[in-house]
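Colleague: A predicted structure for the sequence below; I have some questions about it.
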Amino acid sequence: MADGIIIAPSILAADFSRLAEEVSAVDRAGADWVHLDVMDGHFVPNLTFGPPVIKALRHVTGKTFDSHLMVSNPDALLDAYADAGSEIITVHAEACLHLDRTLSRIRELGCRAGVSLNPHTPADFVSHVLDRLDLILVMTVNPGFGGQAFIPAMLEKIATLKAITAGRDIIIEVDGGITLETAGDVVAAGATALVAGSAIFKGDGEDGYRVNIDAIRAAAAS
Ligand code: DX5
Ligand code: ZN
């Protein structure tokens, strides 16, 4: 049942003093995508990086760059995230006054358009923008920090989204608290792309990351 499951390591849990090496290591270890957590210190309390860092990492890997914008005003820099080499740009539904327009703009820029839902945001928030969407990112923790515990109530939301998106080419991605214990449940509920930070980067370098990625794939299949 886990055929075609996408594993997207979040570099939030990587060693920021050696980001290029870390991205290269997870690439060689079998990552499908690289998940890039952009935080602005406003939409979420934490701060990370923006387009210049993404652009600097672009030469390190050919893997899909999955940019997750946890920012209050994503419209201001959409062009910059596309120019930096993001293939997927995901904005937060809670941050977009004009979500339909923002998603359309992401596609105009040649990227796949994603929308992320905080834990309290209902699944049907996306009902009227489905034809603008390539991906729905279900936050399975409150965004802002790595290493938090998975919120079990999100399993029902994933299943609801699977039903809402039936027959459409929309990926359901999950983010936060994905471990060997939770990977099987989220896939059973309908997720097909799994972001994992600490569960992958707790390993030591490429070999450790490979062991962790393979274990998450195996757990997703179980
Ligand atoms: C949380 C981020 C996640 C985070 C996941 O705000 O969006 O991508 O890195 O970290 P883990 O896998 O450690 O929960
Ligand atoms: Zn994320």
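Modeller: It's in. This is a predicted model, so every value here is computed, not measured. Residues are numbered from 1 along each chain as shown. Ligands and ions are numbered 1, 2, ... in the order given.

Colleague: below-threshold pLDDT in this protein: ranges please.
Modeller: 1-3 (pLDDT under 70).

Colleague: in it, what residue comes closest to ligand 2?
Modeller: Closest residue of the chain to ligand 2, Cβ to the ion: His68 (3.8 Å). Quick note: C-beta positions are derived from backbone N, CA and C, even for glycine.

Colleague: give the contact list for that residue.
Modeller: Neighbour list for His68: His35, Leu36, Asp37, Val38, Thr90, Gly114, Ser116, Leu137, Asp175, Val195 [criterion: Cβ atoms under 8 Å, 6 or more residues apart in numbering].

Colleague: can we see that at 10 Å?
Modeller: 8, 10, 12, 35-39, 86, 88-92, 114, 116, 137, 139, 143, 173, 175, 195 (Cβ atoms under 10 Å, 6 or more residues apart in numbering).

Colleague: does it sit in a helix or strand, and which one?
Modeller: According to DSSP states H and E, His68 maps onto strand 64-70.

Colleague: partners of that strand in the sheet?
Modeller: Here strand 64-70 is paired, per DSSP bridges, with strand 33-39 (parallel), strand 88-92 (parallel).

Colleague: max-length helix in the protein?
Modeller: Counting by DSSP state H, the longest helix found in the chain is helix 205-221.

Colleague: for ligand 1, find the nearest of the strands paired with strand 64-70.
Modeller: strand 33-39 (4.6 Å; Cβ to the nearest ligand atom).

Colleague: for that closest one, C-alpha coordinates in PDB please.
Modeller: The C-alpha trace of strand 33-39 is given here as PDB (Å, rounded to 0.1, in the frame of the first residue of the first chain):
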ATOM      1  CA  TRP A  33      12.100  15.500  -2.200                       C
ATOM      2  CA  VAL A  34      13.900  18.000   0.000                       C
ATOM      3  CA  HIS A  35      11.400  19.800   2.400                       C
ATOM      4  CA  LEU A  36      12.400  23.500   3.000                       C
ATOM      5  CA  ASP A  37      10.700  25.000   6.100                       C
ATOM      6  CA  VAL A  38      10.600  28.800   5.700                       C
ATOM      7  CA  MET A  39       9.600  30.600   8.900                       C
END
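
Colleague: enumerate the residues of the protein near ligand 1.
Modeller: Applying Cβ under 6 Å from any ligand atom, we find that the chain lies next to ligand 1 at 10, 12-13, 35, 37, 68, 141, 143-148, 175-178, 195-199.

Colleague: from the residues you listed, which would you call buried?
Modeller: Buried members of the residues of the chain next to ligand 1, scored by 16 or more other Cβ atoms under 10 Å, are 10, 12-13, 35, 37, 68, 141, 143-144, 146, 175-178, 195-199.

Colleague: which ones among those residues map onto strands?
Modeller: Taking DSSP state E as the definition of strands, those contribute His35, Asp37, His68, Asp175, Val195, Ala196.

Colleague: all good on my end, thank you.
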